[in-house]
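**Q** Quick one, structure for this:
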Amino acid sequence: MNQPQDRIEGTPLIKPSTTDHPLYEQVVEACRTVFDPEIPVNIYDLGLIYTIEISAENDVEILMSLTAPGCPVAGEMPGWVADAIEPLAGVKSVNVGMTFEPPWGMEMMSDEARLELGFM
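**A** This is a model prediction of the structure:
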């Protein structure tokens, strides 16, 4: 018998992005223009963008994290992300949410970020 906790265990920790939306790649590239001021790598390749959700009406929802909850730009970074995405042609609205679940870890970085930071 399938019990509720069995289904919870199969739920991904990070909600999948809508990678099949026509605006997805442009949104990713816009996220790549935002840098963590303490680390010389963009926030997308750092793995700080957890989910990019784009509705059929082109409303963009971003769920992101920070390298640490006490990050000095915690209050500013969501605005930087929204400012990078809002000018894209076709984007209706942008909402950037912050989470620390799951906590960010170095394993979330892309190979490019690891190489840039000397971890490869």
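**Q** so where do the helices sit in the protein?
**A** Applying DSSP state H to the chain gives helices spanning 4-9, 24-31, 43-46, 77-85, 111-116.
**Q** just the strands in the protein please.
**A** 49-54, 59-64, 93-98 (DSSP state E).
**Q** List the buried residues for the last one?
**A** If you call a residue buried by 16 or more other C-beta atoms under 10 Å, then strand 93-98 has these buried ones: 94, 96, 98. Where you see a C-beta, it was placed from the backbone N, CA and C, and this is true even at glycine.
**Q** Now stretch 63-73: buried residues?
**A** For stretch 63-73, using 16+ other C-beta under 10 Å, the buried residues are 63-67, 71.
**Q** do stretch 36-45 as well
**A** Buried-residue list, stretch 36-45, by 16+ other C-beta under 10 Å: 36, 41-45.
**Q** Distance to I85 and pLDDT added to those residues, as JSON lines?
**A** As requested, these are exported to JSON lines (distance: C-beta to C-beta, whole Å; pLDDT from 0 to 100):
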{"residue": "D36", "distance to I85": "17", "pLDDT": "85"}
{"residue": "V41", "distance to I85": "19", "pLDDT": "91"}
{"residue": "N42", "distance to I85": "13", "pLDDT": "95"}
{"residue": "I43", "distance to I85": "12", "pLDDT": "95"}
{"residue": "Y44", "distance to I85": "11", "pLDDT": "97"}
{"residue": "D45", "distance to I85": "16", "pLDDT": "95"}
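**Q** so how many other residues sit close to D111?
**A** Neighbour count of D111, defined by other C-beta atoms under 10 Å: 10.
**Q** my guess is it meets M120, correct?
**A** Yes: counting by C-beta atoms under 8 Å, M120 is a contact partner of D111 at 6.7 Å.
**Q** any idea which of the buried residues of stretch 63-73 is the one closest to P87?
**A** Checking those against P87 by C-beta to C-beta gives M64 as the nearest, at 18.5 Å.
**Q** Could you report the pLDDT at the residue positioned nearest the centre of the chain?
**A** Residue closest to the average C-alpha location in the chain (C-alpha atoms, centre = their mean): I49, at 1.1 Å. We have a pLDDT of 97 for I49.
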